[in-house]
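Q: here's a sequence, model it:
(2 chains)
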Amino acid sequence: GDSVTQTEGQVTVSESKSLIINCTYSATSIGYPNLFWYVRYPGEGLQLLLKVITAGQKGSSRGFEATYNKEATSFHLQKASVQESDSAVYYCALSVNYNQGKLIFGQGTKLSIKP
Amino acid sequence: DAGVTQTPRHEVAEKGQTIILKCEPVSGHNDLFWYRQTKIQGLELLSYFRSKSLMEDGGAFKDRFKAEMLNSSFSTLKIQPTEPKDSAVYLCASSRDGNNQAPLFGEGTRLSVL
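A: Below is the predicted model of the structure:
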């Protein structure tokens, strides 16, 4: 079936250091799913961070980037220099049947920033 | 624009009770989604409406969960009867056109079943 895997449940990074949050996916029902990163900041609702709907393309937002790698079936989230305000839970997701609201989510990665 | 509004924000129920969660999508949005989030299962799609028609009702949740959309600006999720395993955060999301737009999520209703 379709699934999303985030291997790290929690990541701690020092402020101004680089970040990578891993995401791999399996999409058996659809060849090229749309891929998303959602974020939940403390006390706020789930919100879209970035999305990429074309294999090989890169999405970016708020200093974060993710590249749709169909060979590796990966969509890792990266940032060159994190800030304390980036502390949040990040969710990788894919959509099936070309409907961007029908999402399959990873388990989420909680990012903590050390000052 | 107002976002997706969910009420109540918190609900406590006794086992066996009926509870109704409410959602107001963004005005003009045609697609509406209900999700459930638990620590074990993560985020799971419960129901999906397009232009008020139920398109998907999430197989495993059919027996005690019923989502309805009586008009384009209001949806409910009824759980009857509730069980402790239903304790979770229930999220509602909407989009103008699900084929081309990622949904906006509400802040969720945290349900605790005792």
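Q: what about B:Ser51, how many residues nearby?
A: 10 (other Cβ atoms under 10 Å in any protein chain shown). (Glycine included, C-beta is placed from N, CA and C.)
Q: now the strands for chain B?
A: B:5-7, B:10-13, B:19-24, B:31-38, B:42-50, B:53-56, B:65-71, B:74-79, B:88-95, B:104-105, B:109-113 (DSSP state E).
Q: dump those to CSV, plus distance to chain A and mean neighbour count.
A: Shown next, in CSV, are the strands of chain B (distance: least, Cβ to the nearest Cβ, whole Å; neighbours: other Cβ atoms under 10 Å in any protein chain shown):
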stretch, distance to chain A, mean neighbour count
strand B:5-7, 9, 17
strand B:10-13, 14, 15
strand B:19-24, 12, 19
strand B:31-38, 5, 24
strand B:42-50, 4, 20
strand B:53-56, 7, 13
strand B:65-71, 14, 15
strand B:74-79, 13, 19
strand B:88-95, 5, 24
strand B:104-105, 4, 22
strand B:109-113, 11, 18
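Q: nearest to A:Thr109, of those?
A: strand B:42-50 (11.8 Å; Cβ to Cβ).
Q: name the residues of whichever strand or helix holds A:Leu50 that are buried.
A: A:Leu50 belongs to strand A:46-52 when assigned by DSSP states H and E. Neighbour-count burial for strand A:46-52, counted by 16 or more other Cβ atoms under 10 Å in any protein chain shown, picks out A:46, A:48-52.
Q: nearest to A:Cys92, out of the strands of chain B?
A: Closest to A:Cys92 of the strands of chain B is strand B:42-50 (Cβ to Cβ; 11.0 Å).
Q: packing partners of that closest one?
A: Counting contacts by 3 or more Cβ pairs under 8 Å, 6 or more residues apart in numbering or on different chains; DSSP states H and E, strand B:42-50 is packed against strand A:103-105, strand B:31-38, strand B:53-56, strand B:65-71, strand B:74-79.
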